[in-house]
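> sequence isn't available, so here's the structure alone:
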């Protein structure tokens, strides 16, 4: 009879047990996130007969007897990473994943007063969580197939040509201070202050860039960055949009359009897809849909 067990460990211990975990589990990154939000990074591990078969990274916030398990805004998703043997009958692993999710749901419900985890779109079978009494709220994102030519840029050819005449130059490069200058200016224009301290976000971004988890791509005019995006590179098949901002006047001239066009071309050789991370507000959804991205469902697990 199979014996399952759940335990939580530090990110450092999780890496020691499994060195090849995706970027979301990187202990340096997770500790930097913890420092920004004043929370404790942890990894929930499920073992089967004492062998690790699944892992879930999350962050713990405690106040008196109140304990919350969640993923903060700048981490966007919580993946579930399975390590199961390949089988001829795929349904056997599906049933095993169901059992694992039951154990995870039971552990989270028993140990935490509140749970708020946004699972990656790949984790669509959440029966184990819901059967343990956790709620699953549907949320949406747009994911672009990078191997397919986007018709959007063909339709915007005139705007792209005008943008190219502006002398924009696309390049990859680390310039976190300048990018955050653009991000915070954008939020100020919206009269909606960025929710985290700028110096703290800068420390996190520098950590991500140094660890190779974040990559920054820019549009320059006269050697000055006027549009910039940072992506999460989890070394799997999908890249994820993290933060993006463009100078207001340069946006009107097509800088962000050129940035997207060149970015997707640059990422095409390394990734299958680009997750634009969000489709839950009307304005940004229009552009993401127009880019040719496909609307995808993911679940927010709540207690």
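Yep, it's here. The structure displayed is predicted, hence computed values, not measured ones.
> okay, buried residues for the helix or strand residue 104 falls within please.
Using DSSP states H and E, residue 104 sits within helix 90-111. By 16 or more other C-beta atoms under 10 Å, the buried positions in helix 90-111 come out as 93, 96-97, 99-108. Every residue, glycine included, has its C-beta placed from N, CA and C.
> which among those gets closest to residue 232?
Proximity of those to residue 232 (C-beta to C-beta) peaks at residue 104, which lies at 22.8 Å.
> what's the spacing between the closest one and residue 90?
21 Å (C-beta to C-beta, to the nearest Å).
> and the nearest residue to residue 127 once chain neighbours are set aside, what is it in contact with?
In this structure, residue 127 finds its nearest non-sequential neighbour in residue 98, 5.9 Å apart by C-beta to C-beta, 6 or more residues apart in numbering. Taking C-beta atoms under 8 Å, 6 or more residues apart in numbering, we find residue 98 in contact with 125, 127, 128.
> top of those residues by neighbour count?
Tallying neighbours with other C-beta atoms under 10 Å puts residue 128 at the head of the contacts of residue 98, with 18 neighbours.
> report the contact partners of it.
By C-beta under 8 Å, 6+ apart, the contact list for residue 128 reads 98, 99, 100, 101, 102, 103, 104, 105.
> ok, the residue lying closest to the last one once chain neighbours are set aside - how many residues close by?
Yep, that's residue 105 we're talking about. Using C-beta to C-beta, 6+ apart and skipping residues adjacent in sequence, the residue nearest residue 105 is residue 132, 3.3 Å away. Neighbour count for residue 132, taken as other C-beta under 10 Å: 18.
> quick one: residue 120 from residue 81, how far?
Distance, residue 120 to residue 81, using C-beta to C-beta: 10 Å.
> can you list the domains in this protein?
4-139, 147-271 (automatic domain parsing).
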